[in-house]
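Asker: next come a sequence and a model predicted from it.
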Amino acid sequence: MTDFKFADMSGRRVLLTGAGPNIGRQIAVTLAKAGAEVALNDINPDSLKGTVAAVEAAGGKAYGVVADVSDPKAVQAMLDEISTKFGPVDGLVNNAAITIRQGVLDSTYEDWMRVLNITLTSVFLVGQAFMRQMISNDVKKGSIVNIASTSAHRGRHNAAAYCSAKAGVLNLTRCMAVEFAPYGVRVNSVTPTRSGNPVGESTGSREPVGIPLGRLGEPQDQANAVLFALSHDAAFITGIDIPVDGGTLCTASGLSGAKKPG
Ligand SMILES: NC(=O)c1ccc[n+]([C@@H]2O[C@H](COP(=O)([O-])OP(=O)(O)OC[C@H]3O[C@@H](n4cnc5c(N)ncnc54)[C@H](O)[C@@H]3O)[C@@H](O)[C@H]2O)c1
């Protein structure tokens, strides 16, 4: 029998945006446990410190950069700093996002733009800076995972900007996959359903309504899918979305109507 370590990330260096305490932190620790060195970003210094500490406590190597991923200059400076002080990355996870509970009628222009800039434009900015660096370093193998949402796939009350931004993430993923393929870089998305705390909130207990598997997602569920998509074991997979949603998107309305047997 030969040794086979699935999704081995040894020798890989990955940048993760929005590395705060919820899904981001679990992704960071999971990638580190699989052997990756992780460059971590967040706009919140305390959240970032916590994730750097969690990676180190798990025996991994982490480098933290506070930056606003919706600011083009800050994004370029972040990529440059990571490259010179930590080492160039060949993997990227675009996880940073915000939501504001507003529909079309009650949203201001400023709030609409803020959600779009942080949740969608950041994926363009960080993806572009990452890919330009890969090309200039002549690195011919890499991977990107963009975090989408079940909200990318259908409408929701009071989340017009977030749903629109996440739908944009899905198709930007496909565009990047097509454009970056000749450079050996694969690009996929992962779609979480409600997992851990609600995005942008520090607490949350919610019933798993509309989730056929009957529970909320755990950040580890998302992290496992990100790890696989990012790893070279997914070498022939690009341009797809991986729903990690307990079957949520299988149902037409989001209300499965499923009852527990017995
Ligand atoms: N939690 C859920 O139920 C859920 C469901 C579906 C999709 N998602 C998606 O999963 C991802 C992670 O979600 P989460 O719940 O862990 O979110 P979260 O709000 O806990 O974490 C997002 C992180 O992004 C950071 N951030 C915000 N603005 C930033 C900026 N301008 N620059 C850099 N960092 C910034 C925040 O400080 C935070 O640490 C997000 O993309 C989210 O949309 C989450």
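Answerer: Noted; the coordinates are in hand.
Asker: just the CA coordinates for the helix or strand harbouring T30, please, in PDB.
Answerer: Assigned by DSSP states H and E, T30 belongs to helix 23-33. C-alpha atoms of helix 23-33 as PDB (Å, rounded to 0.1, in the frame of the first residue of the first chain):
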ATOM      1  CA  ILE A  23     -15.800  30.500   8.900                       C
ATOM      2  CA  GLY A  24     -12.600  32.300   8.100                       C
ATOM      3  CA  ARG A  25     -10.800  31.100  11.200                       C
ATOM      4  CA  GLN A  26     -11.900  27.500  10.600                       C
ATOM      5  CA  ILE A  27     -10.600  27.700   7.000                       C
ATOM      6  CA  ALA A  28      -7.300  29.100   8.200                       C
ATOM      7  CA  VAL A  29      -6.700  26.400  10.800                       C
ATOM      8  CA  THR A  30      -7.800  23.600   8.500                       C
ATOM      9  CA  LEU A  31      -5.400  24.800   5.700                       C
ATOM     10  CA  ALA A  32      -2.600  25.000   8.200                       C
ATOM     11  CA  LYS A  33      -3.300  21.500   9.600                       C
END
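Asker: what's the next secondary structure element after that helix?
Answerer: strand 37-42.
Asker: which helices and strands does that following strand pack with?
Answerer: strand 13-16, helix 23-33, helix 45-57, strand 62-66 (3 or more CB pairs under 8 Å, 6 or more residues apart in numbering; DSSP states H and E). All C-beta atoms are positioned from the backbone trio N, CA, C, and that covers glycine.
Asker: can I get those in JSON lines with mean neighbour count and distance to the ligand?
Answerer: Compiled in JSON lines, the helices and strands packed on strand 37-42 are given as follows (neighbours: other CB atoms under 10 Å; distance: least, CB to the nearest ligand atom, whole Å):
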{"stretch": "strand 13-16", "mean neighbour count": "26", "distance to the ligand": "10"}
{"stretch": "helix 23-33", "mean neighbour count": "25", "distance to the ligand": "3"}
{"stretch": "helix 45-57", "mean neighbour count": "17", "distance to the ligand": "5"}
{"stretch": "strand 62-66", "mean neighbour count": "20", "distance to the ligand": "8"}
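Asker: mind putting these in a markdown table, mean pLDDT included?
Answerer: Shown next, in a markdown table, are the helices and strands packed on strand 37-42 (pLDDT from 0 to 100):
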| stretch | mean pLDDT |
| --- | --- |
| strand 13-16 | 99 |
| helix 23-33 | 98 |
| helix 45-57 | 98 |
| strand 62-66 | 98 |
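Asker: can I get these in TSV with distance to Q128?
Answerer: Compiled in TSV, these are given as follows (distance: least, CB to CB, whole Å):
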stretch	distance to Q128
strand 13-16	13
helix 23-33	21
helix 45-57	23
strand 62-66	17
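Asker: which of those sits closest to T150?
Answerer: With CB to CB as the criterion, T150 lies closest to helix 23-33 of the helices and strands packed on strand 37-42, at 13.5 Å.
Asker: which outside residues touch the closest one?
Answerer: Here helix 23-33 makes contact (CB atoms under 8 Å, 6 or more residues apart in numbering) with 9, 14, 16-19, 38, 40, 42, 50-51, 54-55, 58-62, 91, 93, 95-96, 147, 192, 195-196, 218-220, 222-224, 226-227, 230.
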